[in-house]
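*Asks:* Any chance you can model this:
(one chain, ligands or ions: 1)
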Amino acid sequence: MTPDATMAATLLASGGKLLIGGAWRDAASGKTFPTLNPATGETLLDIAEGDAPDIDDAVRAARAALDGPWGAMSAAERGKILWKIGDLLLQHAADAARLETLNGGKPITETTRIEVPLAADVFHYNAGAATKIEGSTIPVSGSYFNYTIREPLGVVGLIVPWNFPLLMAARKVAPALAAGNAVVLKPAEETPLTALRLGEIALEAGLPPGVLNVVPGFGPTAGAALVAHSGVAAIAFTGETSTGRTIMANAAGTTKKLSLELGGKSPNIVLDDADIDLAARGALSAIFYNKGEVCTAGSRLLIQKSIREPLIEKILARAAKMVPGDTLDPKTRLGALTSQDQVAKVERYVALGKKEGARLLVGGERATVGDGRGNFWKPTIFDGVRNDMTIAREEIFGPVLSVIDVDDFDHAIAIANETTYGLAAGIWTRDIKKAHRAARALQAGTVWINAYNLYDAASPYGGYKASGFGRESGMAGVDAYLQTKSVWVDLS
Ligand code: ADP
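*Replies:* So this is what the prediction gives:
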């Protein structure tokens, strides 16, 4: 075994099997697929490849849990288990972070300081939310008493992507369980390890068997089977907009509730009265955090013309210091793209950017780290981008920034909104009126003022326009997994 494979085997005791009904088992087909470390190209572990029969077993196990102990459990008891999952995630944080780094190509400092603690926060927040789910009494006409009960949806299917494997799983699993649902979680085929680790931790925390089933597999097989399953009441999905549309079409036959968190092409506006140093730092972290593999990545930098030269100079000086490195080295700040497909995609868009006349300022090519087998890419910045160029319109999902000049506030807002997406936006200005006017005018689910990429388990998150619908996090995130029953009582 390679050192990577040995480490993965040590960190994941269940060994890459499916979690169904509280038991770890092989896929019905017996098939497996390798999962890799994108920083080295090495295989970490062979993973059981779930498909339709396994999804069906998982849905049955989830149904049995709902009809059994889980459905009968009080909200306070559910909350205690969720709190324990959060605690165990923190207790095993160093190992969970290593597993996430190995599988996703993220620097160990990021997984240690950001991803794992945020995932634990999500469980702790939702532990408290479980006991705050309340109906209401409604003043209806006539001699009737009308009240509402908030009930779980039933078995819910959660399909997550590979860019924040553990955090995305946590943001769906925790509120779904707080609301009393049972879950079938399908991690992305690229990054199943921490979802499986979460399954181990959930069992250790006392979650009854079948409440959380984890079935790794491919999108068009396992994912599609989950979407089409008649026993699944809802699908919560995070991923590409095109995949979200496919899921909508495939869910239509069984009338499922959907919550879709899709792509983005988020604008990050710097006005001429901004703190230039802060804005330069913010512009870089907005696009290069997690190597640009972030749905909210600030991939369009809209700079007011009068400050473009000093701002770009500062951005380039900082970008020169951003060098990809060994993902397990605590000093590394830029990791490896999660798959070879991603490298090919970034390569394609960089070529398109050049062809359409954008000016490459820096990067635009692979970076070599170690023996050169990892998927590393240099931070890439294009200047002179027009908003109608392909690199400004389509989501690249990699470390590629497009700089677009804007004349003034109104022009900035117009260009910012001139996109099919609407996930997030940023604005840098010292003018409080402009900041809040922008917050109202920007067509996006999240707006950051003099900041970027902030998240909290308590704050709702989701898209406008083609970036999807439904909200995650906060109480809105719990609502997504509930349905309302109206009860009438005749008092006459
Ligand atoms: P990417 O193409 O960047 O991997 P996707 O949006 O395709 O992003 O993937 C996000 C998640 O959606 C993954 O877990 C993937 O397996 C799943 N997925 C992909 N295609 C489908 C599909 N047709 N039905 C259900 N899930 C899918």
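*Asks:* Break the protein into its domains for me.
*Replies:* What automatic domain parsing lists as the domains of the chain is 3-262+467-486, 267-456.
*Asks:* and of those domains, who's closest to Ser492?
*Replies:* domain 3-262+467-486 (4.0 Å; C-beta to C-beta). Every C-beta, even on glycine, is put in place using the N, C-alpha and C of the backbone.
*Asks:* is any part of that closest one close to the ligand?
*Replies:* Yes. For domain 3-262+467-486, a contact with the ligand is found by C-beta under 6 Å from any ligand atom, at 159-161, 186, 188-189, 218-220, 223-224, 227, 239-240, 243, 246-247.
*Asks:* end to end, how far does that domain reach?
*Replies:* 58 Å (C-alpha to C-alpha, to the nearest Å).
*Asks:* Quick one: mean pLDDT over that domain.
*Replies:* Here domain 3-262+467-486 scores 97 as its mean pLDDT.
*Asks:* how many other residues sit next to the closest residue to Val362 other than its chain neighbours?
*Replies:* Among residues not flanking Val362 along the chain, Ile381 sits closest, at 5.0 Å (C-beta to C-beta, 6 or more residues apart in numbering). Residues lying near Ile381 (other C-beta atoms under 10 Å) number 27.
*Asks:* tell me the phi and psi of Ile381?
*Replies:* phi -130, psi 130 (degrees, to the nearest 10).
*Asks:* who's in contact with it?
*Replies:* Neighbouring residues of Ile381 by C-beta atoms under 8 Å, 6 or more residues apart in numbering: 315-316, 319, 360-363, 400-401, 403.
*Asks:* quick one: it from Asn453, how far?
*Replies:* Plainly put, Ile381 is 18 Å away from Asn453 if you go by C-beta to C-beta, to the nearest Å.
*Asks:* next one: Pro38
*Replies:* 21 Å.
*Asks:* And Leu334, by the same measure?
*Replies:* From Leu334 to Asn453 the distance is 15 Å (C-beta to C-beta).
*Asks:* So which of these two has more stuff around it?
*Replies:* Leu334 (26 against 20).
*Asks:* hey, what's that one bridged with?
*Replies:* Pro324 (DSSP bridges).
*Asks:* List the residues that contact it.
*Replies:* By C-beta under 8 Å, 6+ apart, the contact set of Leu334 is 107, 288, 291, 322-325, 379, 399.
*Asks:* Mind doing that once more with 7 Å?
*Replies:* Neighbouring residues of Leu334 by C-beta atoms under 7 Å, 6 or more residues apart in numbering: 107, 288, 291, 322-325, 379.
*Asks:* Likewise for Gly30?
*Replies:* So Gly30 contacts nothing (C-beta under 7 Å, 6+ apart).
*Asks:* So which residues of the stretch 201-350 of the chain form strands?
*Replies:* 212-214, 234-238, 257-261, 267-270, 300-304 (DSSP state E, counting those that start in this stretch).
*Asks:* Likewise for the stretch 1-150 of the chain?
*Replies:* Secondary structure of the stretch 1-150 of the chain (DSSP E, counting those that start in this stretch): strands located at 18-20, 23-25, 32-36, 43-48, 137-138, 144-152.
*Asks:* Which of those strands has the highest mean neighbour count?
*Replies:* Mean neighbours per residue, mean count of other C-beta atoms under 10 Å, is largest over the strands of the stretch 1-150 of the chain for strand 18-20, with a mean of 28.
*Asks:* what about stretch 108-120, distance to the chain center?
*Replies:* Stretch 108-120 sits 14 Å away from the centroid of its parent chain (C-alpha atoms, centre = their mean, to the nearest Å).
*Asks:* circling back to that earlier point, which one of the contacts of Leu334 has the most neighbours?
*Replies:* Lys291 (29 neighbours).
*Asks:* Could you report the distance from that one to the ligand?
*Replies:* 13 Å (C-beta to the nearest ligand atom, to the nearest Å).
*Asks:* these two touch, right, that residue and Gly335?
*Replies:* Yes. In this structure Lys291 lies within contact range of Gly335 using C-beta atoms under 7 Å: 5.7 Å.
*Asks:* And the closest residue to Pro38 other than its chain neighbours, its phi and psi?
*Replies:* Leaving aside its chain neighbours, Pro38 sits nearest to Gly105 (3.9 Å; criterion: C-beta to C-beta, 6+ apart). In terms of degrees, to the nearest 10, the main-chain angles of Gly105 are phi 80, psi 10.
*Asks:* Identify the residues contacting Gly105.
*Replies:* The contact partners of Gly105, by C-beta under 7 Å, 6+ apart, come to 38-39, 327, 335-338, 375.
*Asks:* Next: Val369.
*Replies:* Per C-beta under 7 Å, 6+ apart, neighbours of Val369: 324-326, 376.
*Asks:* from these, which single one is nearest the ligand?
*Replies:* Proximity of the contacts of Val369 to the ligand (C-beta to the nearest ligand atom) peaks at Phe376, which lies at 18.4 Å.
*Asks:* Look up how far Gly244 lies from that closest one.
*Replies:* 29 Å.
*Asks:* and if you look at Pro267?
*Replies:* Distance, Pro267 to Gly244, by C-beta to C-beta: 21 Å.
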